[in-house]
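Trainee: Predicted model and sequence follow; I will ask about them next.
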Number of protein chains: 4
Amino acid sequence: MSIADLKGYSVPFSPRGDSQVAGAPPWHFGVDVLAVNFQTDPEQIRKLLPEPLELSRENPGGAYVWFGDWQGLWKGREDMLSLNPERCLYTECLIGVRCSHDGKEGHRVVYIWVDKDFSMMRGWFMGFPKKIGKVALGTTNRHLHALNPGMPACGPGSKYAAVCEAHCERLVTASIEVTREASPADLPKPFGTELYHTIHYPSADVDGNTVPVAHQLIQTVSSKPQFGQIWEGKGEVTLHTAQFDEHYDLQPTSVDSAFIIPVGFSILGNKLVHSYDYGPEF
Amino acid sequence: MSIADLKGYSVPFSPRGDSQVAGAPPWHFGVDVLAVNFQTDPEQIRKLLPEPLELSRENPGGAYVWFGDWQGLWKGREDMLSLNPERCLYTECLIGVRCSHDGKEGHRVVYIWVDKDFSMMRGWFMGFPKKIGKVALGTTNRHLHALNPGMPACGPGSKYAAVCEAHCERLVTASIEVTREASPADLPKPFGTELYHTIHYPSADVDGNTVPVAHQLIQTVSSKPQFGQIWEGKGEVTLHTAQFDEHYDLQPTSVDSAFIIPVGFSILGNKLVHSYDYGPEF
Amino acid sequence: MSIADLKGYSVPFSPRGDSQVAGAPPWHFGVDVLAVNFQTDPEQIRKLLPEPLELSRENPGGAYVWFGDWQGLWKGREDMLSLNPERCLYTECLIGVRCSHDGKEGHRVVYIWVDKDFSMMRGWFMGFPKKIGKVALGTTNRHLHALNPGMPACGPGSKYAAVCEAHCERLVTASIEVTREASPADLPKPFGTELYHTIHYPSADVDGNTVPVAHQLIQTVSSKPQFGQIWEGKGEVTLHTAQFDEHYDLQPTSVDSAFIIPVGFSILGNKLVHSYDYGPEF
Amino acid sequence: MSIADLKGYSVPFSPRGDSQVAGAPPWHFGVDVLAVNFQTDPEQIRKLLPEPLELSRENPGGAYVWFGDWQGLWKGREDMLSLNPERCLYTECLIGVRCSHDGKEGHRVVYIWVDKDFSMMRGWFMGFPKKIGKVALGTTNRHLHALNPGMPACGPGSKYAAVCEAHCERLVTASIEVTREASPADLPKPFGTELYHTIHYPSADVDGNTVPVAHQLIQTVSSKPQFGQIWEGKGEVTLHTAQFDEHYDLQPTSVDSAFIIPVGFSILGNKLVHSYDYGPEF
């Protein structure tokens, strides 16, 4: 059999290409984000930035959490909501940090949990170091609040929490108390800076060759985002201690801002920034 | 210890009343529903209507599925979205049938799956025969569609599916192709008819007394609903065969109508209609 | 339709009785338990004992956690392992306390989490105040350890942990370090004492009648247990703080004993001890 | 920051190496397998064998399903059962086919579902094309059966089923009716033949370079297996149709044999067989 007779952007390959865990870019997203931007110890961020990345020059202690309720489509299955919504809807919690590359401001997602396999693997193909977790967001489907006799419509004074759990531990909680409507122009960086990620697939070579199968620093190339109705507020974030997660080290020292951000965009693909022929110790 | 020192509308009772699976009515809901109304064999409906309920006189073969993305609050925790959204958000799939009682038109949920324990038990307290299942809806958070470069805004031509699984089996799928915006006045019955449910708690008496601990026919008392933007469309529904579920018997013979319905309302409580001192055979 | 034409020990009732969440007693169980017996403040136990239950006279501060990997069958479906094992296998974490009734020593499960709906509801029918949680046990299927090149066979020196999570929070962890093989005669109370539980179904009466639909103190009647190979060890248990669970109050002051206990038994049913015409405040 | 200051066999990299989804080989396993060996249309197998793999010469239509309850450890965390068992216990369903390479008999897992992220990613590092699914096995922890008053001890006449679900669809069911105890010598091939897998990581290059980041045919190198008590029986297997899985094409034409196999072994790593500079169409 020729591989040309198998189909799939990703494994499992199959005769018709339907078994693959996730299809090819461009990937089209709509997401409702609860974002909290905060300050942490720059030395803790530095520990998470491999060369040639460096601390942000503008905001060396800048970090953020994004809780998101996502709708994500791959090429050829833009109609997935009409086929099996379970395969394009997912929830996610990520922790990002500011950084710079060659003098250019950027950011990087360092820890991230998602509740579906297709999103996990698609993330890996883009350098997001995703693991499986469970996420709940109080901001989901909030157009319903105005109809619910037990709560007010979303607006100043509304309070929402979000929570992320994995491996039977609570990992991250965040909350926002809405203060005012905001516009896209109000959104602070990292919006508008470059996103730098690591694509890393380890070697399991039996002869002890530990050079990774692939190890690249890449930049994510996205389309211009489109925004819905944005809310600003007072934010809180807690990074909980965990047996086998180290995000706690990025403990917030203060909160900069918090937003509810409905946004859509396409990820067009990766641009190679740097190749490594080695990886971290293990 | 006096029971008066324990607290809880429901078990587990605890000193402060925080451990309980679900709190007391009134219960306040906002929900985004994907509803498909269909016709099935009235003889199959008849088999699911215990005395004194009878077939609907107007629409004896009338049945419906509701897939719903729910926000449900209990008394004293109306702020749950700001504390742990995981404890008030849930998804649900239900199958209902038309019926009548004493000449009055009504309806009844005969099979229903939900993804959270608090909703399952609160449902039991109201006579919904809930089991745990997994549900996904393509209509969730659809205000994001207009932002997603890969799909059109919700409107005529939009297609959405929904799916329900339990015990490793796909049980129900439904879909809608939106044709037009609609108004609350367009919503057909069972909207506006009474809801009749069975509260039944079996006996596990060791001496063979099989009289249920409780067995009542009740009527649900709700507040007037408030509606958001409603869409009408062409609907489809499939009831899949299953090893240990009998909903397949309600197979649709034709589809009457389909709607996307954002709606909010309060359930105030139950009104006793009939008491039984016996239960079904087992 | 006569109710006699519907079937089901529990809802949902259906024509053939296959839709019910759980079938009738006797219920037959095999379970692999990781048990840690500990001491806590008797005043905290007292707060969880409704009249007419009282503190244990022998061991007023006696409490225990059981993590269990269960196989549970109901009448008429003793062959469930050959049909859908997902419907009879489940994992559970429970916290129990010693108590007494009318001078007789007993015990009572005060908090309990389980991962399946059929076990949750069957538990409610017996007065176990079950909620849904996620449980993992290191002792599961341990006959495999002797085959795994990475770990020793179960025996002195083996260490195992267990963990329970619900609503995105870690609730309970326990562990054992095996010291010796033990026999059924080595198992301390509460083995051999009576089990007292509360069956409580709240009223949702719209007219404000808060008298519970049912509220009984019952005693569980079981068959004589059969034991497999028992291991004793040094135990640890941690009750974690939680937003909406109060088990933390039962914090261990010391650990009495710890065991791995494979055991089988049947639960024949409930024996009524006391009826209440009132319930706790809410 | 030098990458040497980050740690991790796999991402997410972190200062202490605890955040990684899975650690390095050797990987040590104990597993309880329910295996059913069957015949399918060799032309369907051929479609799943990329060059240079060819159909098995001995058994061109040979295929199998393995349902497994796994305990899997990585280097440096051989004590995981005593820390968080949730991170080393998992369940899995796989479908494999016979094949040959350069005249040597082999086999290959073509579709596989697992319930945990660490197993999914570790599988990818070895070329198993894993997706997330839910799996239940009737053979789990079967030493308890002899203690359960509702079922017989495992032995001739015992019947067990297993089921796999993903994305809200039932995908695979299998069952065995035990006929006799067997020995390792009774286990048919593919036991004892080589295992050939594809490691494939797709490119998301924004400039349209579709050459995979990595694409290799590798051979798995394992230690000699150690077996527990093996049972042979009459097997059945059903591959269910699915919206987005193509395993149905491997429909069984007859069943060859079925076994319950407790087995332990180490996977030492991969041996490169072939490199590709292209991938399948997508």
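Mentor: That came through, no problem.
Trainee: Which stretches in chain A count as strands?
Mentor: Using DSSP state E, the strands of chain A run over A:27-39, A:53-54, A:62-73, A:89-101, A:104-114, A:130-132, A:134-137, A:159-166, A:169-182, A:194-201, A:214-222, A:226-227, A:230-239, A:254-275.
Trainee: Reformat those strands as CSV; add mean pLDDT and distance to D:N141.
Mentor: C-betas here are computed from N, CA, C, even on glycine. Shown next, in CSV, are the strands of chain A (pLDDT from 0 to 100; distance: least, CB to CB, whole Å):
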stretch, mean pLDDT, distance to D:N141
strand A:27-39, 98, 41
strand A:53-54, 97, 48
strand A:62-73, 98, 37
strand A:89-101, 98, 32
strand A:104-114, 98, 30
strand A:130-132, 98, 24
strand A:134-137, 98, 26
strand A:159-166, 98, 25
strand A:169-182, 98, 25
strand A:194-201, 98, 35
strand A:214-222, 98, 40
strand A:226-227, 98, 52
strand A:230-239, 98, 37
strand A:254-275, 98, 44
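Trainee: Which residues does stretch A:274-282 contact?
Mentor: A:50, A:52, A:200, A:202, A:210-212, A:215-217, D:3-9, D:13, D:17, D:20, D:23-24 (CB atoms under 8 Å, 6 or more residues apart in numbering or on different chains).
Trainee: Separate out the buried members of the residues you listed.
Mentor: A:50, A:200, A:202, A:212, A:215-217, D:3, D:5-9, D:13, D:17, D:20, D:23-24 (16 or more other CB atoms under 10 Å in any protein chain shown).
Trainee: Helices - which of those land there?
Mentor: If you go by DSSP state H, the buried ones among the contacts of stretch A:274-282 have nothing in helices.
Trainee: Of those, which are in range of chain B?
Mentor: Residues of the buried ones among the contacts of stretch A:274-282 in contact with chain B (CB under 8 Å from any CB of the partner chain): none.
Trainee: how about the residue nearest to the spatial centre of chain A, what does it touch?
Mentor: Note on chain A: the residue nearest the mean C-alpha position is A:L94, at 4.8 Å, using CA atoms, centre = their mean. The contact partners of A:L94, by CB under 8 Å, 6+ apart, come to A:V65, A:W66, A:G68, A:V109, A:Y111, A:I112, A:W113, A:F128.
Trainee: At the contact with chain C, which residues of chain A appear?
Mentor: A:K134, A:A136, A:V163, A:C164, A:E165, A:C168, A:E169, A:R170.
Trainee: Near chain D, which residues of the stretch 101-250 of chain A? Just list them.
Mentor: A:110-112, A:116-117, A:120, A:124-126, A:129, A:131-132, A:167-168, A:198-207, A:213-214, A:216, A:221, A:243-247, A:249.
Trainee: Just give the nearest non-adjacent residue to the residue nearest to the centre of chain A, would you?
Mentor: Leaving aside its sequence neighbours, A:L94 sits nearest to A:I112 (CB to CB, 6 or more residues apart in numbering or on different chains; 4.0 Å).
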